[in-house]
Structures are given as C-alpha cells and as structure tokens.
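In: From the sequence below, what's the structure:
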Amino acid sequence: MKRTGLHLNAIAYEDEYILIVDKSAGISIHPTVNEQENTLYNYVENYYLKKNISSGIHPVSRLNRNTSGLVTFAKSPSIQNWLFHKTIIKEYLGITTGYLPTDEGIIEASIARKEGSIIERRISANGKYAKTAYKVLERYRNKTFIQIRLFTGRTHQIRVHLAYIGYPIYNDSLYGSPGPQRRNALHACKVSFSHHANDRLLEVTRAMSDDLRKIIY
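Out: Numbers count the residues shown, from 1 in each chain. Okay, the predicted model is just below:
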C-alpha cells in the first residue's frame, strides 16, 4: 500500500456521494513527476481499498501543497459535475504578517497569471474577477489571526489578495518574503453546500492544525 503522511482521522465527512478529507500541509492533491506516492489521491485510493469502496476519485476543490484543510471529492463524474455548478461556501483560517488594522473588510481585485511564470498570479485589471472577505479574530505584535471567506475561486486568491493590501500570509515565500517554499499559515476550515440527495445544507468544519497554533499561541 502506498505511503501517505496524513493523520489517521483525515476523513472529515463521507456518504455514498461525497468524501471530504482534511489534508495536511506538505501534501499535493495529485501525483506529480517529483512525487508519485505521498499525495492526497494516494490516500483516498488506499482508503477505498481498505474499505472495499469501488467509487471513483473526482476532486471538486483543491489546495496548494503547503496549505492544509478540507478538500472535497465526488465519488462519480455526475456528482462532480453537479457540485461544480453549486454554490460552495469555503472558509479559511489564516495568519498574516503585520498588524492588520481594520476589523473586517472585503477585497475585490481581478487576478491574472503573472507574465513569465506558470505558478505566480498577480492583480490585473485584465484578470478574472475575484472577491475575498476577512474578519480579524486576534491581533499580535507582528501577526494577525483572521477568518477568511471566498466568494470566487481563483488560483492563489487569498494569498494574492492579502499581499495586495500589504498583509501577506505568514510564511508565504511566493507573495511575502522571498525564500524557500514553506508551510503557508493558511487552513481551509469549513465547507458548506446544499446536498445532492436531499438539498439540505451540509456543513463540515475542521479546527486549525497544531503546527499553525504554535505560531500564534
């Protein structure tokens, strides 16, 4: 069985249609040229084998390798397509660099790919519309603990938007202080949407991981 570095209670929610996994930081969603085994896809594949589940593995949401939190998988292409057309509320917990002065705010700024890079994004009037809301939970001398809600789902949206207002995510080497890639202080803590089976609201939450708590406590 292929190894994975996820914790034992990584399954946050499961039914016959959907699987939601609490991803650890440092793990990619899919296998890549450089990492074939220690991925979230491998974890779900192994889980299905252990539980004798014959469903497919169809990602509905994604997180960067160095971000932790909830990732949703559909168990069939039809459910994946159905979820792609639903309004999914996604909330995060994050730690910014600096003392963010406003208690809450909304950032609306279009995001585009940065010229010459296949990874980095930037604010651009020619980009795709993006909207992020934040609320301050706690302030420290040189860090701010915030709750974040996404209204759109652009690549690196939270990281780009917070860097744009001058308070990049702590440990973000791409949009904050340059350096080797590290664990971003960002955790996808909540996902909610109307369920396929009964149209009732499904809400799944996971607390911030211990490695992030050590940064602020």
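In: Secondary structure class of the nearest residue to residue 144 once chain neighbours are set aside, three-state.
Out: Among residues not flanking residue 144 along the chain, residue 100 sits closest, at 3.9 Å (Cβ to Cβ, 6 or more residues apart in numbering). Just so you know, the C-beta spots here come from the backbone N, C-alpha and C atoms, and that holds for glycine as well. When classified by DSSP: H, G, I helix; E, B strand; the rest coil, residue 100 comes out as coil.
In: and the longest helix for the protein?
Out: If you go by DSSP state H, the chain has its longest helix at helix 40-51.
In: which helices and strands sit right next to that helix?
Out: strand 18-23 (3 or more Cβ pairs under 8 Å, 6 or more residues apart in numbering; DSSP states H and E).
In: Averaged pLDDT, the strand it packs on. What do you get?
Out: Mean pLDDT, computed over strand 18-23, is 95.
In: Ok, stretch 135-144 next?
Out: 94.
In: who touches the spatially most central residue of the chain in this structure?
Out: In the chain, the centroid-proximal residue (Cα atoms, centre = their mean) is residue 63; its distance is 3.9 Å. Residue 63 sits next to 23, 29, 69, 71, 188 when contact means Cβ atoms under 8 Å, 6 or more residues apart in numbering.
In: again, only this time at 6 Å
Out: 23, 71, 188 (Cβ atoms under 6 Å, 6 or more residues apart in numbering).
In: now do residue 209
Out: residue 68 are the contacts of residue 209 under Cβ under 6 Å, 6+ apart.
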